[in-house]
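1. Quick one, fold the following:
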Amino acid sequence: MRPRVEKKIKVLVIGAKGMLGQELADIFEKDGDYEVFAWDKEELDITKEKEVDFKVGKLKPLFIINAVAYNAVDKAEDPQEFKIAKKLNGGAPGYLAKIAKKTGATFVHYSTDYVFDGEPDMPEPKGCSRSCFSCTLHKNFKPQIGFDENARPNPVNNYGRSKLLGEKNVQRNSKKYYIIRLSRLFGKPGKSQEAKKSFFDSMLEFGRNKKHKEARVIDEEISCFTYAPDLAKKTKEMLEAKKPFGIYHIVNEGACTWHEAVLELYKQSKIRKKVIPINSEDLPRPARRPYHSALLNTKLHPLRDWKSALKDYLRVLKK
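-> This is a model prediction of the structure:
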């Protein structure tokens, strides 16, 4: 008798040609327990509710993972572009959440640190009475500054507003969901024509171009980086561990400014180029950015430090 073949778990990855989507599809495809459906815009237009309802409803996957996003932060300040952002980042996740609820699937959706305003609460040590005349509690206290999963969103740009709308629509239309917030994603460029380069890829290209004698980089806007393969792996672990549904923050450990990130990038890449720190006002951009939007992960084991992840990524680029 032939051994009984267990039925494979259906996983639908939407946005499979993007930077994160390709890593998600890859990590599930390497596991023989899963049957992976890697869809991009050619297979599904997630802004059309009837199409979502029919195609996803017919497939009936156990896990629906949405890695699609409009992420042109500055372009979204244009009224017409904002309408597109709201459709893709706001309305579409709601349609996917509805079909997930209808079919009993678990829905995974990715959001951003830009749902916050950049003004995190300053933590105090346990027992603090806010009367500092004779207090010694702060002596060895090192506060972890940032936004945890329960912090109140208050976006300062249209991109953040569109992503917050998506979060609300997911919460409104499904109970079996994971909303995963990330920031400053980097990894192998996506295969989609719309996929944009990561900050590190852009700065590597700039640093290796001998026409540029120096790099002027903003030494503000503190946040965390997220390595796409690390995030994909953690997403799979969450689903398999059946973590409680809700909002999660998944970023690589260590917050820094853009300037600090470039210094580390050029150090590891052995690029000798002067990196000059500048203020946000020195680089006019249509969209406001949060001054400090580091995401605090209080629910999961932390990811490795971003410098270690960057080292791995640079090694991948050499292959």
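2. Can you show me the strands along this structure?
-> Counting by DSSP state E, the chain has strands at residues 9-14, 34-39, 63-66, 106-112, 177-182, 185-186, 214-218, 223-224, 226-227, 246-249, 252-253, 255-256, 274-278, 303-305.
3. just the helices in the stretch 51-200 of the chain please.
-> Using DSSP state H, counting those that start in this stretch, the helices found in the stretch 51-200 of the chain span residues 79-85, 92-103, 158-173, 199-208.
4. Now those helices in a markdown table, please, with extra columns for mean neighbour count and mean pLDDT.
-> All C-beta atoms are positioned from the backbone trio N, CA, C, and that covers glycine. Output for the helices of the stretch 51-200 of the chain, formatted as a markdown table (neighbours: other C-beta atoms under 10 Å; pLDDT from 0 to 100):
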| stretch | mean neighbour count | mean pLDDT |
| --- | --- | --- |
| helix 79-85 | 15 | 98 |
| helix 92-103 | 22 | 98 |
| helix 158-173 | 22 | 98 |
| helix 199-208 | 16 | 97 |
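5. Please name whichever of these is nearest to Lys55.
-> Closest to Lys55 of those is helix 92-103 (C-beta to C-beta; 9.0 Å).
6. I'd like to know which elements that closest one is packed against.
-> Under the contact criterion of 3 or more C-beta pairs under 8 Å, 6 or more residues apart in numbering; DSSP states H and E, helix 92-103 touches helix 49-59, strand 63-66, strand 106-112, helix 158-173.
7. Let me know which of those is the nearest to Ile145.
-> Nearest of those (C-beta to C-beta): strand 106-112, 18.4 Å.
8. quick one: that closest one to helix 92-103, angle?
-> Interaxial angle of strand 106-112 relative to helix 92-103 (axes from the mean of the first three to the mean of the last three C-alpha atoms, to 10 degrees): 160 degrees.
9. got the angle for strand 106-112 vs strand 9-14?
-> Strand 106-112 and strand 9-14 are oriented at 30 degrees to each other (the same axes, to 10 degrees).
10. Make CSV from the strands of the chain and add mean neighbour count and mean pLDDT to it.
-> Shown next, in CSV, are the strands of the chain (neighbours: other C-beta under 10 Å; pLDDT from 0 to 100):
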stretch, mean neighbour count, mean pLDDT
strand 9-14, 24, 98
strand 34-39, 19, 98
strand 63-66, 26, 98
strand 106-112, 25, 98
strand 177-182, 23, 98
strand 185-186, 21, 98
strand 214-218, 16, 97
strand 223-224, 25, 98
strand 226-227, 27, 98
strand 246-249, 20, 98
strand 252-253, 20, 98
strand 255-256, 20, 97
strand 274-278, 14, 97
strand 303-305, 16, 98
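11. Distance to Leu88 added to the helices and strands packed on helix 92-103, as a markdown table?
-> Formatted as a markdown table, the helices and strands packed on helix 92-103 follow (distance: least, C-beta to C-beta, whole Å):
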| stretch | distance to Leu88 |
| --- | --- |
| helix 49-59 | 13 |
| strand 63-66 | 10 |
| strand 106-112 | 12 |
| helix 158-173 | 8 |
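12. Would you format the strands of the chain as TSV with distance to Asp148 included?
-> Converted to TSV, the strands of the chain look like this (distance: least, C-beta to C-beta, whole Å):
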stretch	distance to Asp148
strand 9-14	28
strand 34-39	31
strand 63-66	23
strand 106-112	14
strand 177-182	10
strand 185-186	20
strand 214-218	25
strand 223-224	13
strand 226-227	16
strand 246-249	7
strand 252-253	15
strand 255-256	13
strand 274-278	29
strand 303-305	16
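13. export the helices of the stretch 51-200 of the chain to TSV and tack on distance to Val11?
-> Output for the helices of the stretch 51-200 of the chain, formatted as TSV (distance: least, C-beta to C-beta, whole Å):
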stretch	distance to Val11
helix 79-85	27
helix 92-103	13
helix 158-173	18
helix 199-208	28
